[in-house]
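1. here is the input, now give the coordinates:
(2 chains)
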Amino acid sequence: MSELTDLYQEVILDHNRRPRNFHALANASHRAEGYNPLCGDRLTLYLSVSEGVITEAAFEGAGCAISKASASMMTETLKGKTLAEADALFQRFHRMVTTPPDQPVEDMGKLSSLAGVREFPIRVKCASLAWHTFKAALANEPITSTEQT
Amino acid sequence: MLPYKFEAGTPNIEGAIGLHAALDYIDGVGLEAITAYERDLLAYGTRELEGIDRVRLVGTAREKAGILSFVIDGVHPHDVGTIVDREGVAIRTGHHCAQPLMDRFGLPATARASIAMYNTREELDVLGRAVRKVLEVFG
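-> Residues are numbered from 1 along each chain as shown, chains lettered A, B, ... in the order given. Down below sits the predicted model:
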């Protein structure tokens, strides 16, 4: 059962119970909807970007504990980051959740709590949905889906 | 010979033979016996899940097929599915390709166990324990 406790770590359960930045952002400069049609997870991400820096990040939506916790932690992490730093984080996060479970991954602090999805292949998209929605928002794509390539 | 010479490819011969064998098997067991057995399992599983705190069954018509759709207060069905799977029970979770109905009930997703003639009461006991395990994990 250790894989289950790796997946549902206390930090993830906490962000699921009390998601941070869980609201709409009236004056957002970027916004996108992320959707996983296979499971029904749906979230709307709001960003305020000013002079290349993410000043605000927030989200709304319905999804499983993993997708909600991932979005919650992502919005916390992105605030105050430059777009270049945020893009690097996206790359690192993506690498972390797609590395095979028997290989080591780099420490990403709080975000590392999501590395447990690697033992549950169908849950990887739950963790990465928020991050792909973030990329879509910056690219001014209003809707992104986990089933697009 | 017409029209067969215009049929492209090989017909699904093994499929037809397989279907025949399956129908013979069902006839051998007897539809009434299957119905009675599944009803017993459904009643058993319903009692099992109804007895668990924070679990709500969705779809409680008196006459229904062997389906147990349920939601757990505060836990998303995908998380239920992952934990129940690890306990050895495969269930379906999500909107079940029935989005209009789910919208009507105001539900983003449910967990759903299906019961058929090859299932047993013991398996429903495992499901019950697995659902209790979900509540343990999510506190």
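2. residues from chain A in reach of chain B?
-> A:1, A:3-5, A:7-8, A:13, A:17, A:38-42, A:62-66, A:68, A:120, A:123, A:126 (Cβ under 8 Å from any Cβ of the partner chain). Using the backbone N, CA and C atoms, a C-beta is placed for each residue, glycine as well.
3. would you mind checking the residues you listed for buried ones?
-> The neighbour count (16 or more other Cβ atoms under 10 Å in any protein chain shown) marks A:4, A:7-8, A:13, A:39-42, A:63-66, A:68, A:120, A:123, A:126 as buried among these.
4. hmm, back to that, looking at the residues of chain A next to chain B, which are in helices?
-> Judged by DSSP state H, the residues of chain A next to chain B include A:3-5, A:7, A:13, A:17, A:65-66, A:68, A:126 as members of helices.
5. relative to residue B:54, which of those residues is nearest.
-> Residue B:54 has its nearest neighbour among these in residue A:17, at 14.2 Å by Cβ to Cβ.
6. find the nearest non-adjacent residue to that closest one, please.
-> Spatial nearest neighbour of residue A:17, chain neighbours left out: residue B:74 (8.0 Å); criterion: Cβ to Cβ, 6 or more residues apart in numbering or on different chains.
7. next, name the residue at the spatial heart of chain A.
-> By Cα atoms, centre = their mean, the mean C-alpha position of chain A lies nearest to residue A:130, the distance being 3.3 Å.
8. residues in contact with stretch A:4-16?
-> Stretch A:4-16 has contacts (Cβ atoms under 8 Å, 6 or more residues apart in numbering or on different chains) with A:65-66, A:68-69, A:72-73, A:110, A:113-117, A:119-120, A:123, B:79, B:82-83, B:86, B:137-139.
9. now with 7 Å, please.
-> The contact list for stretch A:4-16, computed with Cβ atoms under 7 Å, 6 or more residues apart in numbering or on different chains, reads A:65-66, A:68-69, A:72-73, A:110, A:113, A:116-117, A:119-120, B:83, B:86, B:137-138.
10. can you check stretch A:99-116 too?
-> A:6-7, A:9, A:11-12, A:70, A:73, A:77, A:92-93, A:96-97, A:118-119, A:127.
11. rewinding a little: let me have the ones in helices among the residues of chain A next to chain B in CSV, extended by distance to residue B:66 and pLDDT.
-> Rendered in CSV, the data for these read as follows (distance: Cβ to Cβ, whole Å; pLDDT from 0 to 100):
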residue, distance to residue B:66, pLDDT
A:3, 31, 82
A:4, 28, 84
A:5, 33, 83
A:7, 30, 89
A:13, 33, 93
A:17, 34, 92
A:65, 29, 93
A:66, 30, 94
A:68, 32, 95
A:126, 29, 92
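12. and the residues you listed, which two are furthest apart?
-> Farthest pair in these (Cβ to Cβ) is A:3 and A:17. Separation: 21.5 Å.
13. still on that earlier bit, local confidence estimate at the residue nearest to the centre of chain A?
-> Residue A:130 is assigned 96 on the pLDDT scale.
14. would you agree it falls within a helix?
-> Yes. Judged by DSSP: H, G, I helix; E, B strand; the rest coil, residue A:130 forms part of a helix.
15. for it, which non-adjacent residue is closest in space?
-> According to Cβ to Cβ, 6+ apart, the nearest residue to residue A:130 is residue A:71 (3.7 Å).
16. center of chain B - which residue?
-> The centre of chain B sits closest to residue B:114, judged by Cα atoms, centre = their mean, with a distance of 1.4 Å.
17. quick check: pLDDT value at that one.
-> Here, the pLDDT recorded for residue B:114 equals 97.
18. burial of the closest residue to it other than its chain neighbours, as a residue count?
-> Closest residue to residue B:114 apart from its sequence neighbours, by Cβ to Cβ, 6+ apart: residue B:67 at 5.7 Å. Residues lying near residue B:67 (other Cβ atoms under 10 Å in any protein chain shown) number 16.
19. and what of residue A:19?
-> Neighbours of residue A:19 using other Cβ under 10 Å come to 21.
20. stretch A:75-92: which residues count as buried?
-> Using 16+ other Cβ under 10 Å as the test for burial, stretch A:75-92 gives A:75-79, A:81, A:86, A:89-90.
21. chain B: which of those residues is nearest?
-> residue A:75 (18.8 Å; Cβ to the nearest Cβ).
22. wasn't that closest one part of a helix?
-> Yes. When three-state DSSP is applied, residue A:75 is found to be in a helix.
23. quick one, strands of the chain?
-> Just so you know, I chose chain A. Under the criterion DSSP state E, chain A contains strands at A:30-36, A:41-50, A:53-62, A:143-145.
24. let's do chain B instead
-> Secondary structure of chain B, counting by DSSP E: strands at B:55-58, B:67-72, B:92-94, B:110-114.
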